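[1] Fold the following and give me the result.
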Amino acid sequence: MTDEFERRHGFAPGPNEVRPANRDDRTAARALALALARASLVPADLVTFYDTIGDITWSDVGNGHFLDPASDVLLRLQEYGPVDLGTNQRAHGLAIGSDGGGLSYVVGPDGSVHRTRTASLDEPELDKLADDLRQFLELLERTLTNGGVKDAAHDVQVQDLAFGRFRRSEP
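    This next block holds a predicted model:
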């Protein structure tokens with residue numbers, strides 16, 4: 001992927017990595033789990049994810065895809081609170097990253113992953129991308145796997161993830 005990227009764009013790609021969790025990450029993951037339990041926002045997959053993965057940075061795949069470290073997710077939750085998941089004010093989610101184009105990834109209490117339609121988390125409109133974190137990570141993996149291949153199928157796949165066409169929320 002990196003050779004093709006540099007040939008196509010004329011510069012070397014930035015960092016693209018899945019960073020394993022270190023001791024500080026696992027401490028932050030436990031603190032996040034406690035905060036999520038207090039706020040009734042406990043997607044078990046997310047807690048397991050952060051116990052293993054520190055963060056994901058794929059800056060040169062599409063617009064980029066970023067899953068923030070647990071410490072950043074916890075800080076955002078403490079400073080701004082949970083994200084409303086639509087007209088039902090009882091449903092709240094947790095912003096866990098972004099697509100590199102200003103749109104945020106938000107996980108719901110049921111584990112479903114959504115993406116905002118605009119850069120704002122204030123009264124966001126969301127598209128459901130995946131039923132759970134595992135499915136979302138599989139979508140990201142497919143995007144990465146095809147990241148160095150320049151063809152119509154790849155373009156459609158990156159656009160589908162970027163524009164939320166995999167799975168839309170019901171209006």
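
[2] and the residue nearest to Phe66 when sequence neighbours are not counted, what helix or strand is that in?
    Nearest residue to Phe66, sequence neighbours excluded (C-beta to C-beta, 6 or more residues apart in numbering): Gly97, at 4.7 Å. C-beta: built from backbone N, CA, C; applies to glycine. Using DSSP states H and E, Gly97 falls within strand 92-98.

[3] Direction included, what does that strand pair against?
    Using DSSP bridges, the strands paired with strand 92-98 are strand 65-67 (antiparallel), strand 83-84 (antiparallel), strand 104-107 (antiparallel).

[4] Export those to a markdown table and append columns for mean neighbour count and mean pLDDT.
    Converted to a markdown table, those look like this (neighbours: other C-beta atoms under 10 Å; pLDDT from 0 to 100):
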| stretch | mean neighbour count | mean pLDDT |
| --- | --- | --- |
| strand 65-67 | 23 | 92 |
| strand 83-84 | 22 | 88 |
| strand 104-107 | 25 | 94 |
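
[5] Tell me where the chain has helices.
    Using DSSP state H, the helices of the chain run over residues 2-9, 23-38, 44-52, 70-80, 133-145, 152-163.

[6] Can you point out the buried residues in the fourth one?
    Of the residues in helix 70-80, those buried by neighbour count under the rule 16 or more other C-beta atoms under 10 Å are Ala70, Ser71, Asp72, Val73, Leu74, Arg76, Leu77.

[7] Just give me the closest of the residues you listed to Thr116.
    Using C-beta to C-beta, Arg76 is the member of the buried residues of helix 70-80 that lies nearest Thr116, at 13.5 Å.

[8] Run through the residues that contact that closest one.
    If you count contacts by C-beta atoms under 8 Å, 6 or more residues apart in numbering, Arg76 has them with Asp68, Ala95.
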